[in-house]
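>>> here is my input, please return the structure:
(one chain, ligands or ions: 2)
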Amino acid sequence: MYSINQEEQIIHILKESLAPDASHHIMTYGCQMNEHDSEKISWVLEQAGFKPTEDPDQADLILLNTCSIRHSAEDKVYGKLGELKHQKRKRKLTIAVCGCMMQRKESRDCVLKKFKHVDIIFGTNNIYKLPSLILEHYETGRPVLDIEENFQTEDDALLANRYYPYKSFVNIMYGCNNFCSYCIVPYTRGREVSRPSQDILREVKNLVKSGVAEITLLGQNVNSYAPALEDGYSFTNLIYDLAEIDGLKRIRFMTSHPKDISKDLLIAFRDLDPLCNFLHLPVQAGSNFILDKMNRHYHREDYMRIIDQVKSLVPDIALCTDIMVGFPEESERDFEDTLDLVRYVEYDSAFTFLYSPREGTPAAKNPNQIPKEVKQARFNRLTDTLYPIFERKNKQLIGQTMDVLVEGVSKQDKTMLTGRTESFKLTHFKGDKNLIGKILPIRIHSANSFNLEGELVDK
Ligand code: 5AD
Ligand code: SF4
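Residues are numbered from 1 along each chain as shown. Ligands and ions are numbered 1, 2, ... in the order given. I've put the predicted structure just below:
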């Protein structure tokens, strides 16, 4: 495992120059991959002498871990950088920006040109170098930029300051080879690289030893997990090996691609107790014409067949998806196909998006872009179709007792705890803080589109 000792000397010099109460605050945009990167960054910064703080106004170092999947995600970062300029005038503050936007030349150049108060810029592959970059900035007083184009890095073995002590993300692969015609990820995160299975198994065993009950395996397309030098070893093999680990209660993964999902994996859902009955399978659209234009390599019939199979193997599986509306050339008929598919599948939850043209992707060049008002109207019709389905599915659970991993105290009502069922349903119930981290039986008594409420069942 990578040891921060490799940067020991640098860390030592850096710590000497810091106040004993030096602190950092990370603002994370985007997906779970970024969230997990932020946990690693937080760990590296703490080793280097910057304690984490929840309050950005107190932080000596503010770091923005950025996302470029949609235009709106980038705009949020530019807005925040504008705000930070004022803060920096008032006090001594170091500002660092990293993540997907910094892997993209256009966005990086924009930050360099318009936000001269940014001190450190680095990419998605060189978190481990952060102490050196900070030191270089402190010593020279100049902005420091370090972008690593090589996607296989030392970051793999960094430890993480996990947000929850009893659940954890675990990277199994990086990058994506799919080149969906709308997506920027293959350009920012590079080609697929899978971690060796032994490294993953070792990491998970260590996590379990430290009290972790649930892991979420992360990759842009976990079904194409294929470690070099392990001929024929598949994602399903990895799941079976992980399920053997004593003490590991729950295994989740995201994200899978419908074109690569195997029957073996669906069978694993039925046969492996720790594999949670929750499948996130992005469909993106319900029209074959649009799916072809998106370069997705499956049709609605293929997708529906997978759903039929998984439902027949695991009747209580909860289904989640990603759907995009307003892709170039999407007609009213195409959109109706999406609504029709959504009604067929009966999702439990979904991430819904307005298509956002990303410079450099083929779809952005399509001259037949859909007007904003049409996109927004379709988006509203989509959510109007989805939310009653979510509600109906959640209401079917009323009266059932479900195991809930307790995550914390509810933000809205401090007397309530929140947690997740195996099927990833957010569940609230009354209880004491000392129950956090436990898996407990909760009898569901009410439900709406987005969460369940219940009470703790006495054993
Ligand atoms: N515009 C809108 N949504 C997008 N996604 C990816 N690229 C775009 C884009 N250009 C969505 C997809 C993907 C999810 C992570 O983000 O639905 O599954
Ligand atoms: Fe993007 Fe498609 Fe790869 Fe997902 S599978 S990251 S949508 S290119």
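>>> all strands of the stretch 101-250 of the chain, in order?
Along the stretch 101-250 of the chain, the stretches classed as strands by DSSP state E, counting those that start in this stretch are 120-122, 144-146, 167-171, 173-174, 193-194, 214-218, 250-254.
>>> if we ignore the residues flanking it in sequence, what's nearest residue 351?
Nearest-residue entry for residue 351: residue 322, 4.7 Å, with adjacent residues in sequence omitted and distances by Cβ to Cβ, 6 or more residues apart in numbering. To be clear about C-beta, it is placed using only N, CA and C from the backbone, and glycine gets the same treatment.
>>> nearest to ligand 1, out of the strands of the stretch 101-250 of the chain?
With Cβ to the nearest ligand atom, the closest approach to ligand 1 among the strands of the stretch 101-250 of the chain belongs to strand 250-254: 9.7 Å.
>>> next one: residue 209 from ligand 2, what distance?
Between residue 209 and ligand 2 the distance is 32 Å, computed by Cβ to the nearest ligand atom, to the nearest Å.
>>> now swap in residue 205 and tell me
In terms of Cβ to the nearest ligand atom, residue 205 sits 29 Å off from ligand 2.
>>> count the neighbours of that residue for me.
Neighbour count of residue 205, defined by other Cβ atoms under 10 Å: 15.
>>> list the contacts of it.
Neighbour list for residue 205: residue 245 [criterion: Cβ atoms under 8 Å, 6 or more residues apart in numbering].
>>> and the stretch 151-300 of the chain, which of its residues are near ligand 2?
Within the stretch 151-300 of the chain, the residues that sit near ligand 2 (Cβ under 6 Å from any ligand atom) are 176, 178, 179, 180, 183, 185, 186, 220, 221, 257.
>>> other residues contacting the helix or strand hosting the residue nearest to residue 351?
Under the criterion of DSSP states H and E, residue 322 resides in strand 318-325. Here strand 318-325 makes contact (Cβ under 8 Å, 6+ apart) with 182, 255, 277-285, 307, 310, 335, 338, 342, 345-355, 375, 378-379, 382, 393, 423-425.
>>> the residues you listed also near ligand 1: which ones?
182, 282, 284, 353, 355.
>>> what residues does the protein have near ligand 1?
For the chain, the residues in contact with ligand 1 (Cβ under 6 Å from any ligand atom) are 69, 70, 182, 183, 282, 284, 322, 324, 353, 355, 356, 358.
>>> could you redo the last one with a cut-off of 5 Å?
69, 70, 182, 183, 282, 322, 324, 353, 355, 356, 358 (Cβ under 5 Å from any ligand atom).
>>> which among those end up buried?
69, 70, 182, 183, 282, 324, 353, 355, 356, 358 (16 or more other Cβ atoms under 10 Å).
>>> contacting residues for the last one?
By Cβ under 8 Å, 6+ apart, the contact list for residue 358 reads 68, 69, 70, 71, 182, 183, 184, 364.
>>> state the helix or strand in which the second one lies.
By that I understand residue 69. Here residue 69 is assigned to no helix or strand, by DSSP H and E.
>>> enumerate every residue touching it.
30, 31, 100, 183, 184, 185, 356, 358.
>>> give me the neighbour count for the residue of the stretch 201-350 of the chain found nearest ligand 2.
Ligand 2 sits closest to residue 220 of the stretch 201-350 of the chain, with a gap of 4.0 Å, by Cβ to the nearest ligand atom. By the criterion of other Cβ under 10 Å, residue 220 has 22 neighbours.
>>> likewise for residue 179?
Residue 179 has 13 nearby residues by other Cβ under 10 Å.
>>> if I look at it, how far off is residue 187?
Remark: distance between residue 179 and residue 187 (Cβ to Cβ, to the nearest Å) = 9 Å.
>>> can you list residues touching both of these two?
Residues touching both residue 179 and residue 187 (Cβ under 8 Å, 6+ apart): there are none.
>>> that older thread, helix or strand right after the strand holding residue 322?
helix 332-345.
>>> from the contact counts, what lies against that following helix?
helix 288-293, helix 300-313, strand 318-325, helix 372-395 (3 or more Cβ pairs under 8 Å, 6 or more residues apart in numbering; DSSP states H and E).
>>> next, format these as JSON lines and append mean pLDDT.
JSON lines is the format used below for the helices and strands packed on helix 332-345 (pLDDT from 0 to 100):
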{"stretch": "helix 288-293", "mean pLDDT": "98"}
{"stretch": "helix 300-313", "mean pLDDT": "97"}
{"stretch": "strand 318-325", "mean pLDDT": "98"}
{"stretch": "helix 372-395", "mean pLDDT": "98"}
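>>> pull the contacting residues for the residue lying closest to residue 418 once chain neighbours are set aside.
Nearest non-adjacent residue to residue 418, counting by Cβ to Cβ, 6+ apart: residue 410, 4.9 Å away. Neighbouring residues of residue 410 by Cβ under 8 Å, 6+ apart: 416, 417, 418, 428.
>>> my guess is the first one contacts residue 433. True?
No - at 11.0 Å, residue 416 does not count as touching residue 433 under the criterion of Cβ atoms under 8 Å.
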